[in-house]
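Peer 1: mind looking at a prediction? Sequence and model below.
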Amino acid sequence: MAHAWTLASRPHGMPTAGNFALIDLGDAPLGEGEVRVRNHWLSVDPYMRGRMNDVKSYTPPFQIGEAMQGGAIGEVVESRSDQFKAGDLVQHMAGWRDEAVVPASQLQPLPQLAVDPQAYLGQLGMPGMTAYFGLLEVASAKEGDTVFVSAAAGAVGSTVVQIAKAKGMRVIGSAGGAEKCAWVESLGADAVIDYKADLPVVKALGAAARTGIDVYFDNVGGEHLDAALAHANAGARFAICGMIDVYNSGAATQLRYLARLIGMRIRMQGFIVSDYASRAPEFYREMGGWLQDGKLTREETIVEGLQAMPDAFLGLFTGSNRGKMLVRV
């Protein structure tokens, strides 16, 4: 019998284990055009926190008592579609469960690159595409730019670091703790700020970026966004990907340096990776080339078993992951 995690109650502030419940899905027969997939890999991502709130957003909220959703990689075990057969590896959004019945139209075969299947949930999946298009399109980053990346040890941030270096940019990353900072430096970052150290981020960034920054890739918001505003050069471009600092607090972000947006003609733009879904072939083509040339390093934090799914998700907000956080079913 298939099992899935559901939202048992909506959290106020930081979610807890009590906000989740494991339910039986039963063994539903396949309808015409449907496919049964046994999930092998499940993704947990910060954006899922927003879907736990009952508010209007770019994606519908999770419903109380219904199976939650998220990226997954699995194997077809039964099919009533001519598009897929048993044994095919596919990607889909019916995660948070060990088995899913999915319309064939909602499945994607995995691209043919020389990587492990779970890579398509991380560096070669949604987080990687977020990094690629956020940096190169939204922020219009180019060779010679100085790029500041927050959460540089995360799935998106660590990929931003590597893409920026592959494109000839100077990179300053921010991460929490000496071990993560050392890892970000090993990816090619020219300087790394430890935001858990005693020195405020705005001062640490000033020391690392003596001539200012041209691009800021924001995964955090809060103090990091304010520091980027303080040290932005004229015409700087900010790609606003996420604000994990405020997902659980609900507090308004205090920006002391916001007025510099005007005088320095800073362009700040939020974006959603689905805006660029039609350009996925371009992403795979260039990332595949860098992969073949040895310019990409992939890191994963793997948690074992469907039972541990909520723990893996909560770990995103306490810095438990280095690179992409995954659950192996």
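Peer 2: Ah, there it is.

Peer 1: looks to me like residue 25 is in a helix.
Peer 2: No - counting by DSSP: H, G, I helix; E, B strand; the rest coil, residue 25 is not part of a helix but strand.

Peer 1: these two touch, right, it and residue 3?
Peer 2: Yes - with contact defined as C-beta atoms under 8 Å, residue 25 reaches residue 3; the gap is 6.5 Å. C-betas here are computed from N, CA, C, even on glycine.

Peer 1: where do the contact lists of those two overlap?
Peer 2: Residues touching both residue 25 and residue 3 (C-beta atoms under 8 Å, 6 or more residues apart in numbering) are 97, 99.

Peer 1: residue 55: neighbouring residues, count only.
Peer 2: The number of residues packed around residue 55, counting by other C-beta atoms under 10 Å, is 8.

Peer 1: can you give me the strands for the stretch 201-329 of the chain?
Peer 2: With strands called from DSSP state E, counting those that start in this stretch, the stretch 201-329 of the chain shows them at 213-218, 232-240, 267-270, 300-304, 324-328.

Peer 1: quick one: contacts for the most centrally placed residue in the chain?
Peer 2: For the chain, the residue nearest the mean C-alpha position is residue 127 (4.0 Å; C-alpha atoms, centre = their mean). For residue 127, the contact set (C-beta under 8 Å, 6+ apart) comprises 45, 121, 155-156, 159, 324.

Peer 1: swap in residue 34?
Peer 2: Here residue 34 is in contact with 80-81, 101-104 (C-beta under 8 Å, 6+ apart).

Peer 1: out of those residues, which is nearest to residue 319?
Peer 2: Nearest to residue 319 among the contacts of residue 34, counting by C-beta to C-beta, is residue 102 at 32.8 Å.

Peer 1: tell me the buried residues in the helix or strand hosting that closest one?
Peer 2: Per DSSP states H and E, residue 102 falls inside strand 99-103. Neighbour-count burial for strand 99-103 flags 99-102 (criterion: 16 or more other C-beta atoms under 10 Å).

Peer 1: pull the lowest-mean-pLDDT helix or strand in the chain out as CSV, backbone CA atoms only.
Peer 2: Within the chain, no helix or strand scores below helix 280-292, which has a mean of 92 by mean pLDDT, DSSP states H and E. The C-alpha coordinates for helix 280-292 follow below in CSV (Å, rounded to 0.1, in the frame of the first residue of the first chain):
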residue,chain,number,x,y,z
ALA,A,280,15.3,23.9,-20.4
PRO,A,281,17.1,22.5,-23.5
GLU,A,282,19.5,25.5,-23.4
PHE,A,283,20.2,24.9,-19.7
TYR,A,284,20.9,21.2,-20.2
ARG,A,285,23.1,21.9,-23.2
GLU,A,286,25.4,24.3,-21.4
MET,A,287,25.4,22.5,-18.1
GLY,A,288,26.1,19.3,-19.8
GLY,A,289,29.1,20.8,-21.4
TRP,A,290,30.5,22.1,-18.1
LEU,A,291,29.8,18.7,-16.6
GLN,A,292,31.8,17.0,-19.3
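
Peer 1: OK, contacts around residue 306?
Peer 2: With C-beta under 8 Å, 6+ apart, residue 306 has these contacts: 3, 5, 22, 42, 97-98, 327, 329.

Peer 1: report the beta-bridge partners for residue 270.
Peer 2: residue 240 (DSSP bridges).

Peer 1: begin at 33 from now on, thanks
Peer 2: With 33 as the first residue, the last one maps to residue 302.

Peer 1: what's around it, how many residues?
Peer 2: With other C-beta under 10 Å as criterion, residue 302 counts 14.

Peer 1: if any of the contacts of residue 338 are buried, put those into a ChimeraX selection.
Peer 2: Per 16+ other C-beta under 10 Å, the buried members of the contacts of residue 338 correspond to this ChimeraX selection:
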select :35,37,74,129,130,359,361
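
Peer 1: now tabulate the contacts of residue 338 in JSON lines and tack on distance to residue 220 and pLDDT.
Peer 2: Below are those laid out as JSON lines (distance: C-beta to C-beta, whole Å; pLDDT from 0 to 100):
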{"residue": "35", "distance to residue 220": "41", "pLDDT": "97"}
{"residue": "37", "distance to residue 220": "37", "pLDDT": "98"}
{"residue": "54", "distance to residue 220": "41", "pLDDT": "97"}
{"residue": "74", "distance to residue 220": "29", "pLDDT": "98"}
{"residue": "129", "distance to residue 220": "37", "pLDDT": "98"}
{"residue": "130", "distance to residue 220": "38", "pLDDT": "97"}
{"residue": "359", "distance to residue 220": "29", "pLDDT": "98"}
{"residue": "361", "distance to residue 220": "33", "pLDDT": "97"}
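
Peer 1: excluding chain neighbours, give the residue nearest to residue 303 in space.
Peer 2: For residue 303, ignoring the flanking residues on the chain, the nearest one in space by C-beta to C-beta, 6 or more residues apart in numbering is residue 170 at 4.8 Å.

Peer 1: and for residue 241?
Peer 2: Spatially, and ignoring its direct neighbours in sequence, residue 241 is nearest to residue 263 (5.3 Å; C-beta to C-beta, 6+ apart).

Peer 1: tell me the pLDDT at that neighbour?
Peer 2: Looking at residue 263, its pLDDT is 98.
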